[in-house]
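> need a structure here:
(one chain, ligands or ions: 2)
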Amino acid sequence: MQNIEGVDKKKQAQLLDPSGARPPLSRSITTTLNPSARSEVLLQAKKNTILTSHGRPPWYGEDGKHLSEAFVIGIAGGSASGKTHVARCIVQALGSIPTVVILSQDSFYKRHSPEDLKLAFANRYDFDHPDAIDMPLFASCLADLKAGRQSNIPIYSFKDHQRLDETKYLYGASIIIVEGILALHDPELRSLYDLKIFVQCDSDLMLARRIRRDVHERGRSVEGVLEQYLRYVKPAYDNFVQPTSRYADIIVPGSDNTVAIDLIATHIRRKIDDRSSYLRERLAKIAPRDLTPGDCYDQYFPNLIVLPQTPQVRGIFTILRDRTTPREDFIFFTDRLSTYLSEKAVEFLPFKPRTVTTPVGAAYHGKELSVEHVCGVSILRSGGPLEQGLRRVIQDIRMGSLLIQSEVHTGEPLLLHSMLPVCIRQRNLAQNSYVFLLDAQIGTGAAAFMAIRVLLDHGVPQENIIFVTFIVAACGGVRVLQRAFPRVRIVCGAVDPVLRESWALWDTPPPQEAKESEPGTPGTPTVKTKQEAEAEGRKVWVVEPGMGHIGDRYYL
Ligand SMILES: Nc1ncnc2c1ncn2[C@@H]1O[C@H](COP(=O)(O)OP(=O)(O)O)[C@@H](O)[C@H]1O
Ligand SMILES: O=c1ccn([C@@H]2O[C@H](COP(=O)(O)O)[C@@H](O)[C@H]2O)c(=O)[nH]1
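Ligands and ions are numbered 1, 2, ... in the order given. Predicted structure coming up:
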């Protein structure tokens, strides 16, 4: 998932943060975009690129299952009738969108043989006949996206008349707009649409637009465009495209169509109800239970693996929990603990027998890893401190990340960005991959919940997910997490008894800087009323005794 794609990277970075700095991790990205800039970006939306303006809220319930499928709109119409224009205007009119993608039929042109290519360059290949499109692949990619799974869709080059070898990875759209001349032709595709639109346009206007576009953007000559138009485009329009208008729920004019687009956007907005609110709060409050380190965790958490509380582990925790520990010591002991946790986590990878010959010529019957793909995924930013340990234990491990942030006032998780290794992005590899998911602590479990759901959507089996974390709050969301995903293993360093709701101020100084001095001294935490804190702050859940904000203590 990407934020505001369809513009070049530099411009995008400036839109996200005019200073060019990394987007602030503790704030929703929407707050940094000015509305007119965002609207311009939305109108330029590239096809086949997930667009999000404010992060993706939870799309699943407490049982871990999807609450709903993506809302799919199919837009058909003649070539250059304005299908893409209508799709982009809908995106723009939707305004604050969770995640949307414009999926183009063009991506699904079949791979062409050398003979086909010769015909295509001589304007003698019929690209407008339904047989030119790989309809089964089109429908299966759309079905995956609709069901919330990732899809790797083909990339087509109009200049080369050919499908390229690479594919485009798409994941996470809650609204999918499909556009293409034959978008309403195939019954299997039609069955996937929640709303069907046909763009009706005069033939002479379509021809004029097509000449201009194909000459400027697709490297064609006027002669060639006219020849192709008369031989294939117009007959196919009359025989295959225009007749599909009978399946449409709405006919939209190919020009002057702002009223129709507003009506469609209102309709879609009404259909997309927000079922995600307050999931974090529910996770935090489900069946709180006062567990202490002496309790038998197995009974409540069948797949929670806690490091043995040896004096050494307790000693490391004592340093990490101490608010006066200097940053360099904090980093050193965090790395030590994360190595220890990673060693424990690796025990859950499958091993097979391997015999080697020792330097003295004897046989040693040992073991070796029997899994092809192992990777790590950090939940940013606090998963980062666990990376060093994992890298020490598995050399050259591929790492990915998920940026999951809390929505400022509700504390609900939002998926803002995902950068996953190839062995997760490709479904056939994901099914056999083992993934170490890293986050500093599991409090409410909301971020962990979202990250696990992302991996499952990609086809990683539950039993191949090993969540590695320093601390788990016994009274928090870990129980719901284990109930929803019983086969996911959680390896942690300690179980803390308390999870409490709180309001954190934006600029609270790190604990070691906070002095108990006179009010007003820089660095002194100001005492605020609950109302003031609510107005200025963000909702957080605090694990106690905990280690404070692990990401801040490690990085800042
Ligand atoms: N309602 C409209 N008003 C003005 N120009 C339009 C409108 N719809 C489309 N166009 C222009 O016509 C051309 C073709 O439109 P496009 O949306 O790419 O067509 P299609 O996707 O149907 O092939 C583009 O240059 C686009 O800007
Ligand atoms: O290699 C190709 C593939 C397709 N075409 C023409 O493109 C249009 C469909 O695209 P729109 O954006 O909907 O106009 C179709 O009419 C094909 O004739 C092509 O020329 N070359």
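
> Which secondary structure elements does the host helix or strand of R336 sit against?
Taking DSSP states H and E as the criterion, R336 maps to helix 327-346. Helix 327-346 makes packing contacts with helix 311-321, helix 387-393, strand 465-473, strand 489-496, helix 550-555 when contacts are defined by 3 or more CB pairs under 8 Å, 6 or more residues apart in numbering; DSSP states H and E. C-beta here means a position set from N, CA and C on the backbone, and glycine is covered the same way.

> I'd like the next helix or strand past the third one.
Pointing back at strand 465-473 there. Counting by DSSP H and E, what follows strand 465-473 is helix 478-484.

> How about the second one?
If you walk from helix 387-393 toward the C-terminus, the next helix or strand you reach (DSSP H and E) is strand 398-406.

> Residues contacting that following strand, please?
25-28, 55, 280, 375-380, 383, 387, 390-391, 412-424, 446-447, 450-451, 454, 538-540 (CB atoms under 8 Å, 6 or more residues apart in numbering).

> For ChimeraX, write the selection for the buried entries among these.
One line in ChimeraX is enough to select the buried ones among those; burial here means 16 or more other CB atoms under 10 Å:
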select :28,55,280,375,376,377,378,379,380,383,387,390,391,412,413,414,415,416,417,418,420,421,423,424,446,447,450,451,454,538,539
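
> Just the ones of the contacts of strand 398-406 in helices?
Among the contacts of strand 398-406, the residues falling in helices (DSSP state H) are R280, E387, L390, R391, V422, C423, I424, A446, A447, M450, A451, V454.

> between those residues, which is closest to T357?
Set against T357, the nearest of these by CB to CB is R391 (29.9 Å).

> where does the chain have low pLDDT?
1-43, 273-300, 504-538 (pLDDT under 70).

> rerun at 80
For the chain, residues meeting the criterion pLDDT under 80 lie at 1-45, 52-54, 95-98, 272-302, 381, 406-411, 476, 502-540.

> how about the residues of it that lie near ligand 1?
Counting by CB under 6 Å from any ligand atom, the chain comes close to ligand 1 at 77, 79-85, 209, 213, 254-255, 257.

> which one of these has the most neighbours?
G77 (30 neighbours; other CB atoms under 10 Å).

> ok, it - contacts?
G77 makes contact with K83, I181, F198, V199, Q200, C201, V241, G254, according to CB under 8 Å, 6+ apart.

> Phi, psi for it please.
Recorded main-chain torsions at G77 are phi 150, psi 170, according to degrees, to the nearest 10.

> which SSE is the nearest residue to it once chain neighbours are set aside in?
Of all residues not flanking G77 in the chain, V199 sits nearest, at 3.2 Å (CB to CB, 6 or more residues apart in numbering). Applying DSSP H and E as the criterion places V199 in strand 195-200.

> Please compute how far that strand lies from its chain's middle.
29 Å (CA atoms, centre = their mean, to the nearest Å).

> What pairs with that strand, parallel or antiparallel?
strand 71-77 (parallel), strand 250-253 (parallel) (DSSP bridges).

> Tell me the first helix or strand C-terminal of it.
Defined by DSSP H and E, the subsequent element after strand 195-200 is helix 203-217.

> What helices and strands are in contact with that next one?
Checking 3+ CB pairs under 8 Å, 6+ apart, helix 203-217 ends up next to helix 222-228.

> Let me know the next secondary structure element after the helix it packs on.
Counting by DSSP H and E, what follows helix 222-228 is helix 234-236.

> ok, and for that following helix, which residues are buried?
Going by 16+ other CB under 10 Å, helix 234-236 has these buried residues: K234, A236.

> try stretch 163-180
Result for stretch 163-180 [16+ other CB under 10 Å]: buried residues 163, 167, 169-180.

> Start and end of that stretch, how far apart?
16 Å (CA to CA, to the nearest Å).

> which residues sit in contact with the residue in the stretch 251-400 of the chain that ligand 2 sits nearest to?
For the stretch 251-400 of the chain and ligand 2, the shortest gap (CB to the nearest ligand atom) falls at G254, measuring 12.0 Å. By CB under 8 Å, 6+ apart, G254 lies in contact with G77, S81, G82, V199, Q200, C201, D202, L205, M206.

> I figured the last one hits S79, correct?
Yes: contact status for M206 versus S79: in contact at 6.3 Å, counting by CB atoms under 8 Å.

> circling back: same list (the helices and strands packed on helix 327-346) but as a markdown table, adding distance to L402.
Shown next, in a markdown table, are the helices and strands packed on helix 327-346 (distance: least, CB to CB, whole Å):
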| stretch | distance to L402 |
| --- | --- |
| helix 311-321 | 24 |
| helix 387-393 | 13 |
| strand 465-473 | 13 |
| strand 489-496 | 17 |
| helix 550-555 | 14 |
